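A.B. asks: return atomic coordinates for the entry below.
(one chain, ligands or ions: 1)
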Amino acid sequence: MIRAIVLDLDDTLYLERDYVRSGFIHVASYLEDRGLADSAEVFSFLWAGFEEGRRGDAFDSLLLRWPQIGRVENVEALVERYRQHSPNIELREPAAFADLMNLDLRVGLISDGWPTAQRAKLDALGVEDSFGSTVLTGDWGGRYAKPHQRAFTTIEQEFSLSSSELVYVADNPTKDFIAPNERGWLTWRIRMPGQLHHALEPTGNIASPRLELPSLQEVVAEYQAGS
Ligand SMILES: [Mg+2]
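C.D. replies: You can find the predicted model right below:
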C-alpha cells in the first residue's frame, strides 16, 4: 500500500525550459542594464542555442559573440547570477498539485541541482512549505546526486516507512529511477511534451520506471485507483 508520494522538481512539477528561459531573460536584462549589450539580442542568441540543443556552455558562447561583455564579466559570474535569480516559473498542473496535497498520504521531494537555485524554484512555485520532507541532494555535495541512494534512505527514515510504501515520481530515465528501483520503491515517470528528456528511453530494467503517466493528474488518479 502506498503511504507516500515523493516528487522530483525539475520537469516534474514545472517545465525546466521555462526556468532556462527565465534565467536567460534575467541575465540578458542585467547585461543591458550595464550597457554591455541589447537584452533582446542576447536573449534571442541564448534561446536559439538552447533550442538547438546547446547545454552547459551558453555563456561561453555569449562571450565569444559579444567580446565586450567578456572584458568586464566572466562565465562564472554570469552562471552565479543565473542560479541566484528569482525565476518566473509556475506549476505545470496547479489543480493536480492541490489534489495531491489533499490525499491521505505523505508527500516528499527529492531534487538534484544547485541548492540555491532549487530553493528559489520552490519559492517561485509557492511550494517551499508543501512537503513533509524536502531533500536537496546538492546540500550534501554533487556526489550524492541521483542515482545515489542517500536521498531515498533519508526519506524512508524521515517518514518512518518501508520502501514498498513509497513511490518516486520523476521524469529522467537516465538517473531518476535507478536508486528507488534498487530499494524496492514504486517508480512512476511523468512523460509530457516540453520536458528536456521527453524522448529519452531508459537503458535497462533497473533504470526503467514501473509505470509511465502523461501528467500529475494521472498520478493522482493512479494512486486513487489503487488505494
Ligand atoms: Mg527532473
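A.B. asks: C-alpha from now on. contacts and neighbour counts both.
C.D. replies: Fine.
A.B. asks: domain parsing for this structure?
C.D. replies: 4-15+89-226, 17-84 (automatic domain parsing).
A.B. asks: burial count for the closest residue to the ion within the chain?
C.D. replies: Nearest residue of the chain to the ion, counting by C-alpha to the ion: residue 10, 4.0 Å away. Summarising burial for residue 10: neighbours were counted as other C-alpha atoms under 10 Å, giving 21.
A.B. asks: which bits of the chain sit near the ion?
C.D. replies: Residues of the chain that fall close to the ion, judged by C-alpha under 5 Å from the ion: 10-11.
A.B. asks: low-scoring stretches of the chain, by residue?
C.D. replies: For the chain, residues meeting the criterion pLDDT under 70 lie at 227.
A.B. asks: biggest helix in it, by residue count?
C.D. replies: For the chain, the helix with the greatest residue count under DSSP state H is helix 16-33.
A.B. asks: of the domains of the chain, flag the one that's most buried.
C.D. replies: Among the domains of the chain, judged by mean count of other C-alpha atoms under 10 Å, the one packed with the most neighbours on average is domain 4-15+89-226 (a mean of 18).
A.B. asks: next one: that one to chain centre, how far?
C.D. replies: Between the mean C-alpha location of domain 4-15+89-226 and the chain-wide mean there is a distance of 9 Å, by C-alpha atoms, centre = their mean, to the nearest Å.
A.B. asks: separation between the nearest residue to the residue of the chain closest to the ion once chain neighbours are set aside and residue 149?
C.D. replies: Excluding the flanking residues, the one nearest residue 10 by C-alpha to C-alpha, 6 or more residues apart in numbering is residue 16, at 5.5 Å. Per C-alpha to C-alpha, to the nearest Å, residue 16 is found 24 Å from residue 149.
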